[in-house]
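A.B. asks: Everything below, folded, please.
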Amino acid sequence: MDAVTRADITHDEIAAPRARVGLIIPSVNRMTEPQFNRYAPPGLRVHVARGRIAGHVKGTPEELTKEIERAALTLMDCGPDLIVFHCTGTAMSEGPAGEARILDQIRKTTGIPPASTSDLVVEALRAVGLKSLVVLSPYADNNDIIPYLAARGFTVVHDKALGLKSATAFEEVTPQQWLELAVEHDRPAADGIFLSCTNTRQIEAIEAIERTLGKPVVNSNQAVLWGCVKRLRSALGEPAQMPELGRLMQRLDG
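C.D. replies: Residues are numbered from 1 along each chain as shown. Predicted structure coming up:
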């Protein structure tokens, strides 16, 4: 009887989550799914649609629009409560106006509330009180990131882009290396650190960086998970404490 009861509980949790989130991710991304499955609170089911929306496969603006529409429609079919355009670089490269067009496109295509990584990052930075930042990324450069953050009211006092050439190379940077980079590139004028990218192991370094520097840290995947939990809190209830995700996860009110 105990075995049957445990099986029933497991089936109920899988078949009837309290809330669902749909993520549109770059086709090359291999880190978002395992990280969301690892850190998402009980009752939150995460569904993913891939699109050719980043890097050398991004295509023209018209092709990007078609990819977003296609991915959004496939997610609509599984009935999520929220759809997130989950690619920091692409969303920020479009600027605030372009980001707004992407969100409007998802809303019109599906009728489901949309969000984007870039907008949730901004919300997260404000939630932990950051105004001046150090930006670290695996990208070729941060030339799209810095103007976007400036347009949203933040000052980047220093940045470091690792200049990596492939998604696989992004994944190979260890949490220890992200910690070392944060310590090396921290500046007294910076209130905190922004770790930009959805396809890295940055999220695993958040707790260690905050403990070492005494400053808040925001990462793309962490910020999106936080934003989703915040928006769906009425369905999910009070989330468990997640100290490994840093100070941000203590800022779910408001």
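A.B. asks: Helices of the stretch 51-200 of the chain, start to end?
C.D. replies: Per DSSP state H, counting those that start in this stretch, the stretch 51-200 of the chain carries helices over the ranges 61-76, 88-93, 95-110, 117-127, 145-151, 167-172, 175-185.
A.B. asks: by contact count, what packs against the fourth one?
C.D. replies: Applying 3 or more Cβ pairs under 8 Å, 6 or more residues apart in numbering; DSSP states H and E, we find helix 117-127 packed against strand 82-85, helix 88-93, helix 95-110, strand 192-195, strand 217-219, helix 220-231. The way it works is simple: take the backbone N, C-alpha and C, and place the C-beta from them, glycine included.
A.B. asks: Burial check on A208, number of neighbours?
C.D. replies: Neighbours of A208 under the rule other Cβ atoms under 10 Å: 18.
A.B. asks: in the helix or strand where it lies, what counts as buried?
C.D. replies: Take DSSP states H and E as the rule and A208 turns out to sit in helix 206-213. For helix 206-213, burial by neighbour count (16 or more other Cβ atoms under 10 Å) applies to I206, E207, A208, I209, E210, L213.
A.B. asks: Over to stretch 68-81?
C.D. replies: If you call a residue buried by 16+ other Cβ under 10 Å, then stretch 68-81 has these buried ones: I68, E69, A71, A72, T74, L75, M76, P80, D81.
A.B. asks: And stretch 106-120, by the same measure?
C.D. replies: Here stretch 106-120 shows I106, T109, T110, I112, P114, A115, S116, T117, S118, D119, L120 as buried, counting by 16+ other Cβ under 10 Å.
A.B. asks: likewise stretch 230-246?
C.D. replies: Neighbour-count burial for stretch 230-246, counted by 16+ other Cβ under 10 Å, picks out K230, R231, L232, L236, P239, M242, L245, G246.
A.B. asks: The buried residues of stretch 68-81: which two are farthest apart?
C.D. replies: Farthest pair in the buried residues of stretch 68-81 (Cβ to Cβ) is E69 and D81. Separation: 19.7 Å.
A.B. asks: Per-residue pLDDT of the most centrally placed residue in the chain, please?
C.D. replies: The residue lying closest to the centre of the chain (Cα atoms, centre = their mean) is N221, at 2.9 Å. Here, the pLDDT recorded for N221 equals 98.
A.B. asks: I'd assumed R201 was in contact with it.
C.D. replies: No - contact criterion Cβ atoms under 8 Å: N221 and R201 do not qualify, at 9.9 Å.
A.B. asks: any shared contact partners between the two?
C.D. replies: With contacts taken as Cβ atoms under 8 Å, 6 or more residues apart in numbering, N221 and R201 have M31 as neighbours in common.
A.B. asks: What are the buried residues along stretch 80-92?
C.D. replies: Neighbour counts over stretch 80-92 (16+ other Cβ under 10 Å) mark 80-92 as buried.
A.B. asks: The residues you listed: which two are farthest apart?
C.D. replies: Using Cβ to Cβ, the two most remote members of these are D81 and G89, lying 25.7 Å apart.
A.B. asks: Quickly note the distance from T198 to D191.
C.D. replies: The spacing between T198 and D191, counted by Cβ to Cβ, to the nearest Å, is 23 Å.
A.B. asks: out of these two, which sits in the busier spot?
C.D. replies: Legend: neighbour count by other Cβ under 10 Å for T198 and D191, higher for T198 (26 against 17).
A.B. asks: How about the more buried one, nearest residue that isn't a chain neighbour?
C.D. replies: Once flanking residues are discounted, T198 sits nearest to S220: 4.7 Å by Cβ to Cβ, 6 or more residues apart in numbering.
A.B. asks: Could you check the pLDDT of the closest residue to A54 other than its chain neighbours?
C.D. replies: Excluding its sequence neighbours, the residue lying closest to A54 (Cβ to Cβ, 6+ apart) is P26, at 3.8 Å. With respect to pLDDT, P26 scores 93.
A.B. asks: for Y148, same thing?
C.D. replies: At Y148, the predicted lDDT confidence score is 94.
A.B. asks: let's number from 493 now, not from 1
C.D. replies: Fine by me, first position is 493 from now on; the one you just mentioned is Y640.
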